[in-house]
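J.: based on what follows, work out the 3D shape:
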Amino acid sequence: MAIIGYARVSTEGQELTAQLEQLNSAGVDKVFKEKASGVKQDRPQLAAMLDHLREGDTVIVCKLDRIARSTKHLLEIVETLEGRKVSFKVLNINLDTSTPTGKLMLSMLASIAQFEREMMLERQREGIRLAKDAGRYQGRKATARALSDKVLDMLAQGKTKQAVADELEIGIASVYRIAKAAKQ
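T.: The predicted structure follows:
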């Protein structure tokens, strides 16, 4: 029976340090860590952790939103854990799914977390709409276009479009758009 930690931040610029300290204080045996948006369900370290688990293990996260962003995804993960007889703990709210109360609280908290996120996104959309109406919103700056010169140089060196996308950490569609724009 192992205690497995999972730590995640949304972007490369964020640090995992605080989560790792909390997980180590909780006595984890192994930590799976990742820098990826919680909205993405395809997270390699989350998949690796789920694959690594054995009956009797415990998964620990610092906060509920570190493992999933939607109620549906969270409940899928918890169902997977329960099916493998693995318990789940959330440190900041002292939640433990090995108890009936913990299971009930998890369902309620996941619903509240999803509601809060949807309300935040609604407020964000409203703020953007108001800023656009006032002529103050330009949208986010294009990240891939800023790398156009690098993309074209790498393509000229004979690298594949996929290799360029991977190396520059941009979408393959962006590489195609930049290459197409350069031809025109």
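J.: every contact and neighbour count from this point should use C-alpha atoms.
T.: Noted.
J.: residues near Leu168, how many?
T.: Using other CA atoms under 10 Å, Leu168 is surrounded by 15 other residues.
J.: cool, Met154 as well?
T.: Using other CA under 10 Å, Met154 is surrounded by 17 other residues.
J.: that one and Val164 touch, don't they?
T.: Yes - judged on CA atoms under 8 Å, Met154 makes contact with Val164 at a distance of 6.5 Å.
J.: so for the host helix or strand of Thr101, mean pLDDT?
T.: In this assignment (DSSP states H and E), Thr101 forms part of helix 100-133. Taken as a whole, helix 100-133 has an average pLDDT of 86.
J.: now it, how far from the chain's geometric center?
T.: In terms of CA atoms, centre = their mean, to the nearest Å, the centre of helix 100-133 is found 16 Å from the chain centre.
J.: what's the domain layout of this protein?
T.: Domain ranges of the chain: 3-113, 145-183, per automatic domain parsing.
J.: return the most buried member of the ones you listed.
T.: Counting by mean count of other CA atoms under 10 Å, domain 3-113 has the highest mean neighbour count of those, with a mean of 17.
J.: doesn't Phe88 make contact with Leu81?
T.: Yes - the criterion here is CA under 8 Å, and Leu81 meets it with Phe88 at 7.5 Å.
J.: can you confirm Phe88 is in a helix?
T.: No - membership of Phe88 in a helix is not supported by DSSP: H, G, I helix; E, B strand; the rest coil, which gives strand.
J.: how near is it to Leu20?
T.: Distance, Phe88 to Leu20, using CA to CA, to the nearest Å: 17 Å.
J.: please report the distance of Leu91 from Glu21.
T.: 12 Å.
J.: now do Gln162
T.: 37 Å.
J.: next: Gln138.
T.: Gln138 sits 40 Å away from Glu21, going by CA to CA.
J.: got the contact list for Ser98?
T.: By CA atoms under 8 Å, 6 or more residues apart in numbering, the contact list for Ser98 reads Ser87, Phe88.
J.: that one and Leu121: what is the separation?
T.: The gap separating Ser98 from Leu121 is 33 Å, by CA to CA.
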